[in-house]
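> Pasting the sequence and the predicted coordinates here, then a few questions.
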Amino acid sequence: MTLKYLVAGTLGAAMLSSTAFGAAHEAQGRDGNVNIIFWQAASTMNPYLSGGTKDINAASMALEPLAHYDENGAMVATLVDEIPTVANGGVSEDLTSITWTLSEGITWSDGTPLTSADVVFTANYCMDETGGCQQLAKFGGVTSVEAIDDLTVKITFDGPKPFPYGPFVGSTTPILQAAQFANCMGTAAPTCTDQNFGPIGTGPFTVTEFRANDAISLAANPNYRVAGKPAFATVNFKGGGDAAAAGRSALETGEFDYAWNLQLAPEVLADMESAGIGTVLTSYGPLVERLMINMTNPSADLGDERSTVAHPHPFMSDMAVRQALSMAIDRPLLVEIGYGKAGKVTCNVLPSPAIYNSPNNAGCEVQDIAGANALLDAAGWEMGSDGVRAKDGVRLSILYQTSTNAVRQDFQALIKQWWAEIGIETELKNISGGVFFGGDQSSPDTFQKLFADLEMYANNFDGTDPEAYMRNWSCAEIPSPENAWLGGNMPRHCNADYDALVAEMGGTADINERARLAIAMNDMLMQSYTIIPLVHRGNVSGIANTLEGVKLNAWDAELWNIADWSRAE
Amino acid sequence: MLNFTLRRLVFTVPTLLLISFIIFLILDLAPNDPTGNLPLTIPPEVRANIRASLGLDDPMYWRYILWCQQFFVNEPLNLLNQWFGWCVGDCENRLRVTSWATRSPVVDLIAERMPQTLWVVGMSYVVGILIALPIGVISAYKQYSWFDQAGTFVAMIGFSVPTFFTGVLLIVIFSVWMPNDSVFWLPSIYDTTHKVTDWGSFVFQMRQMVMPVMVLALYNAAQISRFMRASMLDNLSQDYVRTARAKGLKEKTVLLVHVLRNSMIPVVTVIALGIPQVFGGAIITEQIFKVNGLGQLLIIGIEGADIPLVQTLTFLFAVLIVMFNLVADVLYGLLDPRIRYD
C-alpha cells in the first residue's frame, strides 16, 4: 500500500467519523430557506450562453468548475484533489499541457457519476464555433481536450501556456453533464431551453423552478459531495428592480438575506446600513475606473484615418500635458463622492491581486494644481487671455467622453473644473452604455473608435492572471479600421519595450517572475501617463446579519461558497 | 354591424403587417448591440461569434421574413400542438421566435408572465373602475359640494403624482417603518413563485398584491372618475332628465337608470381602450414591486437589445390596441342605438 492510499484512507475515516458525530446537528437543509436578490434578473443557468455576471452567479449554485478561486484569489480544488502544477507533474515541463484528475466518487445531482467524458464534452461544447459560446476566450490556445481514463483529463495547448488555468477554473467555465447536453451542440445550443434553465450539476443546489428574467427556486442537492452541506434546504433567487430596492430589502426591511451589487451613492448605503439589520461587504478585484488618453488625432477632418496611428495627437503626445492632467485630479475626493466604501484611490491600472500591485507609483493621491501649472509653463504651453493654454496655435481643448452613468457624469464635472484651473478647456460628452460598449461598426461613439481626446470607463479581467489584460496595450492590439476597430488598446499605446515584456511574460511560468514583469508593464503605462487610473472599485453586497459564512469574492462568482452559508443561531 | 365588423377585421391585416415592419425597422436601425452589455473581458472575436450565432449577419429583409414566418406560421402551429396535440409538419424541430438573452421561446416567456400581470395590473384596473364610477356619479350629482372637491383633489393627486413616487412612499411606510411582525406590514418584493394552495397562502398573495394594486388603482381611478363626472354633468342638464323628473320618477331612478346609462356610453369606450394597457403591464410599478410581469419583460428586452423579444411583445401590444379599438367601436354602436355604421 502506498503512502497516498494511506493518507486517503485516514482522511476518509476522519470524514466518516466527523459526519457520524455531527449528524444530529449537521443535517443538510437544516436552516430552511435563504433569499437572495440580484437586481439584474438571471436569464439562463448556462454560463456558456451568457457572459452576464448575474447568470454566472445563478449558475454557480448548481454547476461547478474543477477549481474555484477563493476570496484571496488563490485556487482551491473543487472537483479534483489537487491543483496541477509543474512541481506536482500536473503541468508538463514544456508548459504545453495540463492534466486534471477528478476526485473519486463525485456524482451529479441525478446520481450518475462525474467522469472525464463530461469535462471533454464541456470543452467541445464551448469550442464548437457555431454555438456562439460566450466563454470561448477561456479556451484560447486549446488544441485538444482528451480523456486519459475515467477520471483523468489532459488539456493540450498550441504552445507553451505559463498560466494553463483558463478552462474549468472559476465559475465562468463549469462542467456540464454530457448526458444532458448531448443534443445541444453547436447551432442546437439555444434550442435546449430545458437544459439551459435546469442544468444537472455537481453543485450544492439544483433548480426546481426557473422563471427567466424573474426568479429561480432551488433545492439542496441530495447527492452533494460534502455531507451536511448545504445548510439551507432551498434558495429563492429573485431578480428585478434596481440596486436601491435590493439594498432596502436586505438592509432595511429584512425580506432578503443577500443583495448583490449595491452600486449606490455612499450616503444612501450608509443610511440603509444604519437600520442595523444587515451589513455592507466590499471585495476588491482588479476593476479600475481610468482615463484612457488618445495618443492619436481624433480630428474629424482626417476622415478614415481619424484616431489611427497614422496621425499622432497634436498635444496629447506631449507627456507634460498628460502628466498635468493626472496631477490636477483630486482622487480621494472622487472616491468619497462617487464610491464611498466601494472604492479606494489607486495609482496603478493593475492594483490586484496584491503581488501584481506596483509600489512605484505612489503619490498620485495628492492633487497638485500648482505643480501641474508649473509643468505646463515649463513645457511652453502659455496661458491665453481666455484662460486656455496654447502653443504654436494648438489650444489645449479636450473632448472627454464616457458612458451615461450618474457617478461618471459627476466625475466629468469635477475633473473638468480641475482642468480649467490648469488652463485646459474640456468639453464633456456621455454616450449610452449599450452604444459606448457595444461593437456597432456603424456607430462613431464606441469606446474602441475613441473619436475623442480621452475617455473614461472601468475595466478588469477574469480570474487572477493579468497576462491577457496587460497584452491589451501592445502595438498589435490597437483598434483601427483594418481590424474592424477590434482590440483593447484604446490609448493606441505602442512601445517596443512594452511588447518585449509582453512576449517575455508569455514564456514565463514562475509566479514571482510574472509579477515582476506585470509590475514593469504597469509602471511603463503609469509613468508615461497613457492611462490615468482614478479609482479602484470594489464589489459591494448587502448581507443580513443572520447570514453566516459569506465570503465575498471578487475573483470568482460571489455565490462561490454558498454551500458553506448558514443561518446564525 | 356584422358587415362593419368584418370589413374592419379585414383592414387590420395590412395595418398590423405594416406595424410589424415599422417596429422591426425601428429596432433594427437603433444603435444597439445584444453583446453590448456583456462584460468587457469577453473579447471582440467572441462577440462577433455570438452575433453570428444570433443570425445578425444575415441581411435585414431576410431576418424580417424569418421573424414573420416564425411568428405567423410556426408559433400558431406550435400552439395547436400544445393545446390540442395536433401536429402539422415537423413538430419537434420547428423554429420558434427565440429570445436572445434567455435562448428560450418568447411566447413561453410571455405566457409565464401573463398571470402576475393580469392579477396585479388587471386587478388594479378593476379596483380603479369600482372606485371611479361611484366617485364620478356622486361628484357630478353634488357638483361643487365638499365631496366633489375632495374627489377632484384625490383625482388630481392620482393623476399628477407619478407611480414611482407613490410606490416607493408606500414601501417606506408599510415595509420599512412598519415593524415586521405588525399585521399592517406588507412585503415590498412580489414573490412570483408563490402558489395559492390554502387560506394562508391566499392571504399572503393578497398582502403582496395590496401595494402595487393600490398604487395603480389610484392612477386608473383618477382618470376614469373624471370622465365619469364630465359625462354625468353633460347628461344631467339635458331635457330628458327634466322630463323624467316632471313625470314624478324617483330621484334614484332618474339618476341611476336614465342618466347613468346614457353617461356610461363614452366611459365604456374609454375603459375598453384602456384594456390593452393592462396587458402591456405597468412598466414602472412592476419594476418597483418586482412583480416581473410583461412590462418588466419588455424593459429587460430593450436594455439587453433582445430584438426578437421586443419585436414580439410590441407587436402583440399593437394587435391588442387595434382589436380593442374595434371592440370599442362595436360597443359604442351596441350601447347607443342612434349610432349605425352601415
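Nice, thanks for sending it over.

> for the record, mean pLDDT for stretch A:177-196?
Average pLDDT, stretch A:177-196: 87.

> Repeat that for stretch A:294-312.
Per-residue scores along stretch A:294-312 average to 92.

> Likewise for stretch A:415-431?
95.

> just stretch A:233-247 next, same as before
Here the average pLDDT along stretch A:233-247 is 91.

> Can you give me the buried ones in it?
For stretch A:233-247, burial by neighbour count (16 or more other C-beta atoms under 10 Å in any protein chain shown) applies to A:233-241, A:243-247. Placement of C-beta: from N, CA and C, glycine included.

> Tell me how many other residues surround A:His493.
Look at A:His493: counted by other C-beta atoms under 10 Å in any protein chain shown, it has 21 neighbours.

> List phi and psi for it.
phi -80, psi 130 (degrees, to the nearest 10).

> go on, the one 3 residues further on?
Dihedral angles phi and psi of A:Ala496 (degrees, to the nearest 10) take the values phi -60, psi -40.

> which residues touch it?
Counting by C-beta atoms under 8 Å, 6 or more residues apart in numbering or on different chains, A:Ala496 touches A:Cys475.

> roughly how far apart are it and A:Ala503?
10 Å (C-beta to C-beta, to the nearest Å).

> Kindly report the same for B:Ala150.
In terms of C-beta to C-beta, B:Ala150 sits 79 Å off from A:Ala503.

> just to revisit the earlier point, sort out for me which of the buried residues of stretch A:233-247 are in strands.
A:234-239 (DSSP state E).

> Pipe those residues into CSV and attach distance to chain B per row.
Below are those laid out as CSV (distance: C-beta to the nearest C-beta, whole Å):
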residue, distance to chain B
A:Thr234, 10
A:Val235, 11
A:Asn236, 7
A:Phe237, 10
A:Lys238, 6
A:Gly239, 7
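
> What is the most widely separated pair among the residues you listed?
A:Thr234 and A:Gly239 (16.6 Å; C-beta to C-beta).

> from the buried residues of stretch A:233-247, which is closest to A:Met295?
Distance to A:Met295, by C-beta to C-beta, is smallest for A:Ala243 among the buried residues of stretch A:233-247, at 35.7 Å.

> Work out for me the element A:Lys344 sits within.
Per DSSP states H and E, A:Lys344 falls inside strand A:343-345.

> And for B:Ser124?
Assigned by DSSP H and E, B:Ser124 falls in helix B:123-141.

> what's the distance between that helix and the middle of its chain?
With C-alpha atoms, centre = their mean, to the nearest Å as the basis, helix B:123-141 stands 19 Å off its chain's centre.

> Around the closest residue to A:Gln409 other than its chain neighbours, count how many other residues there are.
Of all residues not flanking A:Gln409 in the chain, A:Asn430 sits nearest, at 6.0 Å (C-beta to C-beta, 6 or more residues apart in numbering or on different chains). Residues lying near A:Asn430 (other C-beta under 10 Å) number 17.

> how much space between A:Asn430 and chain B?
A:Asn430 is 15 Å from chain B, where distance means C-beta to the nearest C-beta, to the nearest Å.

> swap in A:Pro286?
From A:Pro286 over to chain B (counting by C-beta to the nearest C-beta), the distance is 10 Å.

> sorry, back to before: what is whatever helix or strand the residue nearest to A:Gln409 lives in packed up against?
Using DSSP H and E, A:Asn430 falls within strand A:425-431. On a contact count with 3 or more C-beta pairs under 8 Å, 6 or more residues apart in numbering or on different chains; DSSP states H and E, strand A:425-431 meets strand A:397-403, helix A:406-421.

> Distance from the last one to the middle of the chain?
The offset between the C-alpha centroid of helix A:406-421 and the centroid of the whole chain comes to 26 Å, using C-alpha atoms, centre = their mean.

> Please apply the same query to stretch A:276-296.
Mean-position distance between stretch A:276-296 and its chain equals 11 Å (C-alpha atoms, centre = their mean).

> do stretch B:10-21 as well
Centroid separation for stretch B:10-21 versus its chain: 21 Å, with C-alpha atoms, centre = their mean.

> Pull out the buried residues from that stretch.
Quick answer for stretch B:10-21 (16+ other C-beta under 10 Å): B:12, B:16, B:19-20.

> Can you lay out those as a markdown table showing distance to A:Thr122 and secondary structure?
Listed next are the buried residues of stretch B:10-21 as a markdown table, based on distance: C-beta to C-beta, whole Å; DSSP: H, G, I helix; E, B strand; the rest coil:
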| residue | distance to A:Thr122 | secondary structure |
| --- | --- | --- |
| B:Thr12 | 49 | helix |
| B:Leu16 | 44 | helix |
| B:Ile19 | 44 | helix |
| B:Ser20 | 40 | helix |
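
> mean confidence for the helix or strand containing B:Val210?
Taking DSSP H and E as the criterion, B:Val210 maps to helix B:199-236. In this model, helix B:199-236 has an average pLDDT of 92.

> Pick the one among the buried residues of stretch B:10-21 closest to chain A.
Relative to chain A, the closest of those is B:Ser20; by C-beta to the nearest C-beta it sits at 22.7 Å.
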